[in-house]
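> pasting the sequence and the predicted coordinates here, then a few questions.
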Amino acid sequence: MITSGSEYLLKALDNKVFIKDVKILVPPHWSGSYEKAKRETYDKANIIIDSPHPAHGDEPYTKQMKGCGEESEYIHFTPNFLLNDDFLNGYGPRGRLFVHEWAHLRWGVFDEYNEEEPFYFSVNQQIQPTRCRTQFSGQWFEIINGNPVLCRYEETGLPTKECQFFPDKEQKINASIMYMQSLDSVTAFCHEGEHNTEAPNMQNQKCNYKATRTVIFQDSVDKDALRTLKPLQTPPPAPTFSVIQRRSRVVCLILDVSGSMQGQRILRLQQAATIFLREIVEEGAYVGIVKFSTAADIISSLTKMESKARESLISKLPKTASGSTNMCTGLKLGFEVLQQDDKSAQGDDVIFLTDGEATDDIQSCLQSAVDSGAIINTIALGPSASNVLVTMAKQTDGKFIIADENLISNQLVDAFSSFTMSDGDLTKQAIQLVSTGSATTGWFNGTVSIDRTVGNSTTFTIIYERSAPSVYIQAPSGSVYDQTRMTHNAATKTLTLNIPGTTEAGDWRYSFFNTESSAQAMTLTVTSRAARDNVPPVMVKAQMNQLISDGSKPMVVYAEVSQNHIPVLGARVMATLHSDTGHSEDLVLLDNGAGADNFKDDGIYSRYFTKLINGRYSLKVQVIQQEGAISGSHNRNSGALYVPGYIVNGKVQLNSQKPKVNVQLADVGRFTRTVTGKSFVVNVPSGVTPKFPPGKITDLRAKIQVDTIFLNWTAPGEDFDLGTVESYEIRWSKHLKTVLYNFSDATPVNTSALRPQQAGLDEQFSFQPEVAIQNGTTLFFAIRSQDKQALKSEVSNIARVTKFVPSPKPPEISKPPTNLLIGIVTIVCGVALLACIIATVTLWAIKRKKVVKECGGD
């Protein structure tokens, strides 16, 4: 697939791009002799090979959550898709399909078909299939009981959704790959001059009506290289493949115990590292501990994580702090510990914590840290920690996370809790359900909703400021746990409750009473693991769209909430962004398809962050779901089109139907989740104050009833999606290009009576154009908003509406050939830009024996 895809890609992009190296990461439990993985991990994979999507089955797709021209998350293939040739006639050769998906993944382009709107009225009042280019020839039919019949049509005059377009198998045009790569003639992406701007497809909607090739060459991550690369004069070599494997996880904690760590900081370190060792790091992993100040010492060599070993390591955690901060000394000794198992630190994990600037020259050992091959995760405790931590984490594919010593924020506990394994098996991963804190003179109350996908190894950990509170924790069944049933460690000021077996699902209510007369701070951290090996838990992932901002454009917060790839809708998602300079921002994230959110109801909750004040920021996301059932969207959003059949020599040849998928939504119960994402840096130049216009309206919709136009959209904010705009400017035209390229020349609408609402609310507006609308006329509408400072937004997406009054006898939409024959096609198994792919194989649900058999092994 990838070898032939590389050849296809080379031709599609002017002999400039091909695939050079492919690394295939297999699961840790697979037996065999594989090369040791370096920094490749499952969560960084470009391609995952996993069990079928519950809603899409074996259909390939790309997880695309960001905007036009931005890199996507991953491509999802299933073992059945890769091994079963029955799919090939509908999708075309796998190499061609791979290039279609790779364009989604790498260059952020979108599909040029639309299964929700397969047909539209063109400006010349003709019905057209949604496609690019318009020169694609073919016919359209509805298939009933295996036979083609004339398409029915809606009251709008368009064919029903059951009507399908059947392209001619032989075509004379070569574009476009993002429409129908399965056709032999298609070898290119759509150029600007041939691009169909009228088609209501995702490429036009998301990329402002740009052609796919334009986005790739002008807006993508590879735009600069593509402009300067010279076409290859000779064919490139075929891709090289290597099979790699991550073995047992190996971690070294490298902990700063210099003088500045005295007092509360060393205590916070003990508390957070204890939770990591006891609850987060998985069974069977190997952990070592190094402390450093003026010198460095090995607290513990690599130790396999088992029950007694965990407590032994916890007892060895440093309790005192003194001396200077020689970071290079600590790093060097930490790498020596990692080499104890196989004489290499390659692919191993480091958690490197410090609170200050290096006494030694940290820059002098930065390159050796990068060259070690270890994944270095860095924690900056407090505002004075070295900025080199950001660089070190970035260059070693690790996480950079900031934390403060404030007990209520629980940031250091959250940081350590985020360092979970990433081998794709979510059932073995520790999950943080709750992380909350309060300073109170009386009761600290709340509820933890534990759903049916978690419940094993559930732990409640209370950390208090001065004296242990009275504890009352009530299970859903009424059972009560108090402090007498908890483990108390007075030295680290913690109370721990381990629930034996599988925790009962439902609402767990807690009340902690401060027995002191004055207020004291308390925090609660609840962690758990999957209840069953065969049921993936509800998961949350949080990230920023960029990790360094200069204030020139807003940042975006993303949180993905899903269960076994199914998006979870209707959750309350709150992001807290807190800087080391004291600035804090709480944002309610939305999955409404407006503003920062690219797709409605895809389980990706998003929001702009516009109050950009210099500092290093932590990212914490809390999710509460009150409904019991996982209600997810069934749309792929991005993925190659399965062609129902072709016209061959005047005959319809049907491809095998895609297997139907019976979607069974899980009733998991109410749940809570808390996650910590990578920290980010805001560094606005001195003297510059970021000013942002209103956000672009991206969900404008139009309808027509008789001669009245009804418009709906989501209100933007004064600063992207924050606040309320001052006014709206609505314009329309009979010509798409007028609205698209010359908005000010389009006909204005009187909006004096329209009072903008707060960002995120639904707007509605209706009016009657001052000219008569003839039957069959298509009108185009767009909006631009303005704030109090007279800053204007980008012009919105373009909404279209066609006035259609049906005649007494509707015309036929399509005529089949006079000698129509049906053929059911059943397939029988019978100098360059470097693009590096990590195809991660996760076949947890497939037995090893079956995998060997399918691959032709003994």
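Structure received. Because the structure is predicted, anything quoted here is derived from the model rather than measured. Residues are numbered from 1 along each chain as shown.
> just the residues contacting the helix or strand harbouring Ala393, thanks.
Secondary structure assignment for Ala393, by DSSP states H and E: helix 388-395. Identification of contacts with helix 388-395 by C-beta atoms under 8 Å, 6 or more residues apart in numbering yields 352, 354, 358, 362-363, 366, 369-370, 376-380, 398-400, 547-548, 616, 681. (Glycine included, C-beta is placed from N, CA and C.)
> identify the residues contacting stretch 212-224?
13, 17, 68-69, 71, 103, 106-109, 112, 132, 176-178, 188-192, 195, 203, 207, 210, 226-227, 833.
> narrow those residues to those in helices?
Among the contacts of stretch 212-224, the ones falling in helices (DSSP state H) are 103, 106-107, 177-178, 203, 226-227.
> confidence-wise, which helix or strand of the chain is lowest on average?
Ranking every helix and strand in the chain by mean pLDDT, DSSP states H and E puts strand 822-825 at the bottom, with a mean of 32.
> quick revisit: buried subset of the ones in helices among the contacts of stretch 212-224?
Using 16 or more other C-beta atoms under 10 Å as the burial test, the ones in helices among the contacts of stretch 212-224 include 103, 106-107, 177-178, 203, 226 as buried.
> what is the most widely separated pair among those residues?
Gln203 and Leu226 (18.3 Å; C-beta to C-beta).
> residue contacts, the closest residue to Val454 other than its chain neighbours?
Residue nearest to Val454 in three dimensions, not counting chain neighbours: Ser528, with 4.2 Å by C-beta to C-beta, 6 or more residues apart in numbering. Ser528 is in contact with 430-431, 433, 450, 454-459, 503, counting by C-beta under 8 Å, 6+ apart.
> beta-bridge partners for Ser528, please?
Taking DSSP bridges, one finds Ile431 as the beta-bridge partners of Ser528.
> state the distance from it to Val725.
44 Å (C-beta to C-beta, to the nearest Å).
> quick check: which element contains Ser457?
Taking DSSP H and E as the definition, one finds Ser457 inside strand 454-464.
> now the end-to-end length of stretch 131-142.
Across stretch 131-142, the terminal residues are separated by 18 Å (C-alpha to C-alpha, to the nearest Å).
> was I right about Ser260 contacting Ala358?
No - the criterion here is C-beta atoms under 8 Å, and Ser260 misses it with Ala358 at 11.9 Å.
> between the two, which contacts overlap?
By the contact definition C-beta under 8 Å, 6+ apart, Ser260 and Ala358 are jointly contacted by Thr325.
> doesn't Trp140 fall inside a strand?
Yes - judged by DSSP: H, G, I helix; E, B strand; the rest coil, Trp140 forms part of a strand.
> pretty sure it contacts Pro167?
No - in this structure Trp140 lies outside contact range of Pro167 using C-beta under 8 Å: 9.8 Å.
> the more surrounded of these two?
Pro167 (23 against 19; other C-beta atoms under 10 Å).
> list phi and psi for that one.
With angles defined as degrees, to the nearest 10, Pro167 sits at phi -80, psi 150.
> what sits against the closest residue in space to it that isn't next to it in sequence?
The shortest distance from Pro167 to any non-neighbouring residue, by C-beta to C-beta, 6+ apart, is to Gly138 (3.8 Å). By C-beta under 8 Å, 6+ apart, the contact set of Gly138 is 129, 165-168, 647.
> pretty sure Ala45 contacts Leu25?
Yes - using C-beta under 8 Å, Ala45 is in contact with Leu25, at 6.7 Å.
> neighbour-wise, which of these two wins?
Shown here are Ala45 and Leu25; by other C-beta under 10 Å, Leu25 has more neighbours (27 against 23).
> wasn't that one part of a strand?
Yes - assignment of Leu25 by three-state DSSP places it within a strand.
> okay, and the beta partners of it?
Beta-bridge partners recorded for Leu25 (DSSP bridges): Ile244, Thr840.
> could you pull out the strands for the stretch 51-200 of the chain?
For the stretch 51-200 of the chain, strands defined by DSSP state E, counting those that start in this stretch occupy the ranges 61-63, 74-77, 119-121, 127-129, 138-144, 147-149, 163-167.
> out of these, which is closest to Phe609?
Closest of the strands of the stretch 51-200 of the chain to Phe609 is strand 61-63, at 22.3 Å (criterion: C-beta to C-beta).
> strand partners (parallel or antiparallel) of the closest one?
Here strand 61-63 has these sheet partners by DSSP bridges: strand 74-77 (antiparallel).
> would you list every one of the strands in the stretch 401-550 of the chain?
Under DSSP E, counting those that start in this stretch, the stretch 401-550 of the chain gives strands at 431-440, 443-450, 454-464, 470-474, 480-482, 487-489, 494-502, 506-513, 520-530, 538-544, 548-549.
> relative to Thr329, which of those strands is closest?
Nearest to Thr329 among the strands of the stretch 401-550 of the chain is strand 548-549; the distance by C-beta to C-beta comes to 28.6 Å.
> Asn84: which of the ones in helices among the contacts of stretch 212-224 is nearest?
When the ones in helices among the contacts of stretch 212-224 are ranked by distance to Asn84 (C-beta to C-beta), Ile177 comes first, at 22.9 Å.
> need the contacts of Ser528 in TSV with neighbour count, pLDDT and distance to Pro318, can you?
Converted to TSV, the contacts of Ser528 look like this (neighbours: other C-beta atoms under 10 Å; pLDDT from 0 to 100; distance: C-beta to C-beta, whole Å):
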residue	neighbour count	pLDDT	distance to Pro318
Ala430	20	96	23
Ile431	25	97	28
Leu433	24	98	29
Ile450	26	96	34
Val454	27	96	32
Gly455	20	96	34
Asn456	17	96	31
Ser457	20	95	26
Thr458	25	97	29
Thr459	19	98	23
Thr503	21	96	33
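> export those as CSV, with columns for distance to Lys343.
Shown next, in CSV, are the contacts of Ser528 (distance: C-beta to C-beta, whole Å):
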residue, distance to Lys343
Ala430, 29
Ile431, 34
Leu433, 39
Ile450, 44
Val454, 38
Gly455, 40
Asn456, 35
Ser457, 33
Thr458, 39
Thr459, 36
Thr503, 42
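> all helices of the stretch 701-850 of the chain, in order?
For the stretch 701-850 of the chain, applying DSSP state H, counting those that start in this stretch gives helices covering 736-741, 848-854.
> worst mean pLDDT among those?
Comparing mean pLDDT over the helices of the stretch 701-850 of the chain, the weakest stretch is helix 848-854, at a mean of 35.
> got CSV for the strands of the stretch 51-200 of the chain, with distance to Thr440 and mean pLDDT too?
Conversion of the strands of the stretch 51-200 of the chain to CSV gives the following (distance: least, C-beta to C-beta, whole Å; pLDDT from 0 to 100):
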stretch, distance to Thr440, mean pLDDT
strand 61-63, 42, 96
strand 74-77, 44, 97
strand 119-121, 60, 95
strand 127-129, 64, 95
strand 138-144, 66, 94
strand 147-149, 71, 92
strand 163-167, 63, 96
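> out of these, nearest to Arg607?
Closest approach to Arg607 among these (C-beta to C-beta): strand 61-63, 19.5 Å.
> identify the residues contacting that closest one?
The contact list for strand 61-63 (C-beta under 8 Å, 6+ apart) reads 53, 72-76, 101, 104-105, 636-639.
> which residues in the stretch 251-400 of the chain form strands?
According to DSSP E, counting those that start in this stretch, the strands that the stretch 251-400 of the chain contains are 286-292, 296-304, 349-354, 375-381, 400-403.
> just checking: what are the partner strands of the last one?
Just to be clear, that refers to strand 400-403. strand 375-381 (parallel).
> what angle sits between the strand it pairs with and helix 388-395?
Between strand 375-381 and helix 388-395, the angle comes out at 160 degrees (axes from the mean of the first three to the mean of the last three C-alpha atoms, to 10 degrees).
> distance from strand 375-381 to the middle of the chain?
Centre-to-centre, strand 375-381 and its host chain are 23 Å apart (C-alpha atoms, centre = their mean, to the nearest Å).
> tell me, how many residues neighbour the closest residue in space to Gln626 that isn't next to it in sequence?
Of all residues not flanking Gln626 in the chain, Arg670 sits nearest, at 5.6 Å (C-beta to C-beta, 6+ apart). Number of residues near Arg670 (other C-beta under 10 Å) recorded here: 16.
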